[in-house]
Each structure stands twice: as structure tokens, then as C-alpha cells.
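Asks: With the input below, show me the fold.
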Amino acid sequence: MDLARQEAVTWRNRALLLFDRVAMPVAVCDVYGAVLLANPAMAAECGTTPGRLRGRDVLELFSPREATQVERIAQALRLRHRSRYQVSVRWRAPGGVERYGELTADPVSDTVEDTPALLVMLRVDTEHAPSPAAPASGAPVTPTEARILALLAAGATTARAARETGLTTDGVTYHLRRLSSRWGASNRTELVARAYALGVLTPGVWPPGVPDDEA
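Replies: Coordinates of the predicted model:
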């Protein structure tokens, strides 16, 4: 491998590592809105993993609140305009809660002649977001989060949880931090204990699992 190509691979790997660690939901889409790459934060808003978002239409995942916004953006992209575009959206979060926010799309490409991809960021409207209620209120978790909790309860390391769920280790850590913040847990032992107390994990069974697994 020549030096230039090796440097390109190195920078790509660094960029992907940073992409996974960004707390804001972010995705890269093609010009038609199909997801090419998504970070764990974006996948968490959809209740799935980054790999399963690949190929999905971002405007099916997040419904525009005004159709005319999308039409104006599509026309601008056809004309190769390179402005920042914003779309007000709503979506159904894990647990069935309707959330509101704004998608921001920035066209990106190596040259102005290339067909751009879209760097899409999601800003959640905190005024409409569910308040951080006490854990006893149900505190819905995503299937991925439940799977991670079950693996931790069985003694899995972060690395093993990443392999089992198809995430990176940073992706697993991201989900654990979200859960810890949501439930006020100070460590992983407390996190697992709260998962059992809230009924996220099924008591009295081994290996640990979630109630749906027992159906």
C-alpha cells in the first residue's frame, strides 16, 4: 500500500471513530436520502443499530412536518446548490413516544462537480421531548439497550457486548451512558440492578434475558 493510500485509510478510521463518539444523532445519506452511515446516537432514536439503518430512507424514519420543505430542498439539490437545509420532523421513539425536532442536511463532496452526499444531523426539540421521569414510570429501552443489559448481567465485557450486538465498543459505551443518565445509575452493577427492578430483564432465569424472549 503506497503512503498516500495508507494515510487516507488512517484518516478514514479516525473519522469513523469520531463519528461513533458524537453524542448528537448524525448520519450520512446519498442525495436521495438513503442512509449510508449512521452513528449510535441516530440509531438509538430509531430503536435499532447503525447497520440496520443502512439503506433506509431518512424521511421515512423522520416524517417531515411540512412537505413543501422537502420539495424545495430536492429542487435545490437537483440544481447543485450547496446551502444548509433544515426540515422540521416528528418520529416515534422507542416506547411509542412521539418526538419532534429538526433535521439539518449539509451537502458534502470532494469537488463541486461531484454529486454530493448529505451530512444529516438531528436536533431533538426538548420542549416536546418526554421529561426525564423517575425510573418507575416505565423508562422504555430500545431492543439494543435491553440486549446490552442482558449481556452485562451475564458478565460480558464491553468488547463482547459489541461483538454480540454488532456495535463498536464506543457504541456500547454510548448506550450505557444514556441508560446511566436516564436512570441515575452510578455504575454498571447499579444499571443491571435497575434493569431487573424495572422489568427490563426477566428475574429468575439464566442466561439473563428480556421478557419478550420468554414469550
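
Asks: who touches the closest residue to Tyr32 other than its chain neighbours in this structure?
Replies: Nearest non-adjacent residue to Tyr32, counting by C-beta to C-beta, 6 or more residues apart in numbering: Asp57, 7.9 Å away. The way it works is simple: take the backbone N, C-alpha and C, and place the C-beta from them, glycine included. Applying C-beta atoms under 8 Å, 6 or more residues apart in numbering to Asp57 gives the contacts 32-35.

Asks: mind redoing it with 10 Å?
Replies: Residues in contact with Asp57 (C-beta atoms under 10 Å, 6 or more residues apart in numbering) are 29, 32-35.

Asks: Which members of those are classed as buried?
Replies: 29, 33, 35 (16 or more other C-beta atoms under 10 Å).

Asks: Show me what the lengthiest strand in the chain pairs with in its sheet, parallel or antiparallel.
Replies: Looking across the chain with DSSP state E, the single longest strand is strand 98-108. Here strand 98-108 has these sheet partners by DSSP bridges: strand 85-92 (antiparallel), strand 117-124 (antiparallel).

Asks: Identify whichever of these lies nearest to Leu198.
Replies: strand 85-92 (21.0 Å; C-beta to C-beta).

Asks: In the closest one, which residues are buried?
Replies: Neighbour-count burial for strand 85-92 [16+ other C-beta under 10 Å]: 85, 87, 89, 91.

Asks: Please tell me I have it right and the third one contacts Glu98.
Replies: No - using C-beta atoms under 10 Å, Val89 is not in contact with Glu98, being 11.1 Å away.

Asks: Could you break the chain into its assigned domains?
Replies: Domain segmentation of the chain under automatic domain parsing yields 3-124, 135-214.

Asks: those strands in the chain, which residues are they?
Replies: Using DSSP E, strands in the chain cover 26-29, 35-38, 63-64, 85-92, 98-108, 117-124.

Asks: and the third one, which strands flank it?
Replies: Right, the one you point to is strand 63-64. strand 85-92 (antiparallel).

Asks: Convert the strand it pairs with to PDB, retaining C-alpha atoms only.
Replies: In PDB, the C-alpha atoms belonging to strand 85-92 read as follows (Å, rounded to 0.1, in the frame of the first residue of the first chain):
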ATOM      1  CA  TYR A  85     -31.100  22.700   4.500                       C
ATOM      2  CA  GLN A  86     -33.400  22.300   7.500                       C
ATOM      3  CA  VAL A  87     -36.600  20.100   7.800                       C
ATOM      4  CA  SER A  88     -38.900  20.100  10.800                       C
ATOM      5  CA  VAL A  89     -39.700  16.400  11.600                       C
ATOM      6  CA  ARG A  90     -41.500  14.100  14.000                       C
ATOM      7  CA  TRP A  91     -40.900  10.500  14.700                       C
ATOM      8  CA  ARG A  92     -42.000   7.600  17.000                       C
END
